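J.: Output the structure for:
(one chain, ligands or ions: 1)
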Amino acid sequence: MKFAITSKGDQASNSLADTMREYLLDFEFVSDEEEPDIVISVGGDGTLLHAFHRYYKRLDKTAFVGVHTGHLGFYADWLPNEVEKLVIAIAKTPFQVVEYPLLEVIIRYLDGSRETQYLALNEATIKSSNGTLVIDVEIRGEYFETFRGDGLCISTPSGSTAYNKALGGAIIHPSIEAIQVAEMASINNRVFRTVGSPLVLPKHHTCVLRSVNDTGLQLTIDHLTVVHEHVKSIQCRVANQKVRFVRFRPFPFWNRVRDSFVADK
Ligand code: NAD
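T.: Just a heads-up that it's a prediction; the model follows:
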């Protein structure tokens with residue numbers, strides 16, 4: 001089996017990554033940064049987001065596992081003192097894989113010349129690069145509302161515990177193939193009105209956003225920020241691709257939510 005290890009880059013993560021590499025090589029695994037079967041991320045959720053984007057073109061051939069060197073992460077859920085156990089599990093156990101839905105974002109431009117496609121593990125956010133965002137929201141080809149405010153966040157189920165949660169969005173179990181649209185500080189008064197609640201859209205219910213007041217948009221895809229000019233529309237839907245995580249032990253999603261946000265048990 002071929003493996004790659006990505007590290008957050010701090011001393012603790014680097015030295016843990018070195019230890020794991022040695023263990024895995026002892027088990028005659030092959031280090032392959034380009035075409036790994038398994039990617040081990042050492043650091044935090046941010047490190048796993050980086051790893052996901054590095055290997056997003058081979059999601060069907062790669063499975064991820066995260067070790068955290070800081071606080072418990074949603075994707076990074078193995079402890080530093082468990083790495084020996086983890087390596088033995090990788091070496092000896094035919095591992096199980098769980099698949100989580102992803103968000104596909106397609107940006108189309110006014111001149112119709114091209115489109116840009118992204119996959120997000122957590123979410124995409126859309127803000128104006130110049131003042132209030134004014135954007136028409138279309139669902140399944142029908143006009144839904146005109147949003148005015150700071151921005152919109154479109155998240156995956158596994159990303160629903162990240163930025164989406166801070167916006168008052170619901171936490172969605174990753175077995176549900178859906179995306180969630182949450183508002184960032186919408187302007188609501190006698191003149192302007194939005195639904196005001198987060199929307200959960202099932203697979204194949206595409207959401208298209210069309211900028212009304214300007215075409216320069218600031219977009220984030222997980223930890224990445226990009227500005228797109230002359231944007232005609234942003235299409236968001238549940239992606240056909242899924243991300244695969246290696247599971248060696250049960251760690252139910254709701255336990256992870258409880259341990260991260262409510263209480264340590
Ligand atoms: P960062 O260093 O600012 O970390 C953000 C925090 O989000 C970390 O504590 C991380 O553990 C946590 N996190 C990431 N994914 C998560 C998930 N799926 N569930 C629960 N917590 C999660 O930034 P980063 O490490 O580069 O991560 C980028 C992410 O930060 C974005 O995808 C976005 O979700 C999140 N973010 C959150 C807010 C907010 O809550 N107000 C604002 C901006 C970005």
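J.: How about the contacts made by the nearest residue to F248 once chain neighbours are set aside?
T.: Using CB to CB, 6 or more residues apart in numbering and skipping the chain neighbours, the partner closest in space to F248 is A89 (4.0 Å). C-betas here are computed from N, CA, C, even on glycine. Neighbouring residues of A89 by CB atoms under 8 Å, 6 or more residues apart in numbering: F95, F248, R249.
J.: in which helix or strand would I find A89?
T.: Using DSSP states H and E, A89 sits in helix 83-92.
J.: Next up, the contacts around R244.
T.: Counting by CB under 8 Å, 6+ apart, R244 touches L59, D60, T62, A63, F64, V97, V98, E99.
J.: Next, it: secondary structure please.
T.: Secondary structure assignment for R244 (DSSP: H, G, I helix; E, B strand; the rest coil): strand.
J.: Go ahead and confirm A124 touches T220.
T.: Yes: the pair formed by A124 and T220 meets the contact definition of CB atoms under 8 Å, at 6.5 Å.
J.: So these two - more neighbours on which side?
T.: When A124 and T220 are compared for neighbours, A124 comes out ahead with 27 against 18, by other CB atoms under 10 Å.
J.: show me what contacts the closest residue to S211 other than its chain neighbours?
T.: Nearest residue to S211 in three dimensions, chain neighbours excluded: I135, at 5.3 Å (CB to CB, 6+ apart). Contacts were defined as CB under 8 Å, 6+ apart; by that measure I135 touches I126, T146, F147, L152, L209, R210, S211, V212.
J.: what do you get for R54?
T.: So R54 contacts T6 (CB under 8 Å, 6+ apart).
J.: now I90
T.: M1, F3, L24, F27, F29, I38, V65, V246, F248.
J.: What parts of the stretch 51-200 of the chain come near the ligand?
T.: G73, F74, N122, E123, S158, G159, T161, A162, Y163, A166 (CB under 6 Å from any ligand atom).
J.: The residue nearest to R140 when sequence neighbours are not counted: what secondary structure?
T.: Excluding the flanking residues, the one nearest R140 by CB to CB, 6+ apart is H205, at 5.3 Å. Using three-state DSSP, the structure places H205 in coil.
J.: Check the spacing between H205 and V181 real quick.
T.: From H205 across to V181, the span is 10 Å (CB to CB, to the nearest Å).
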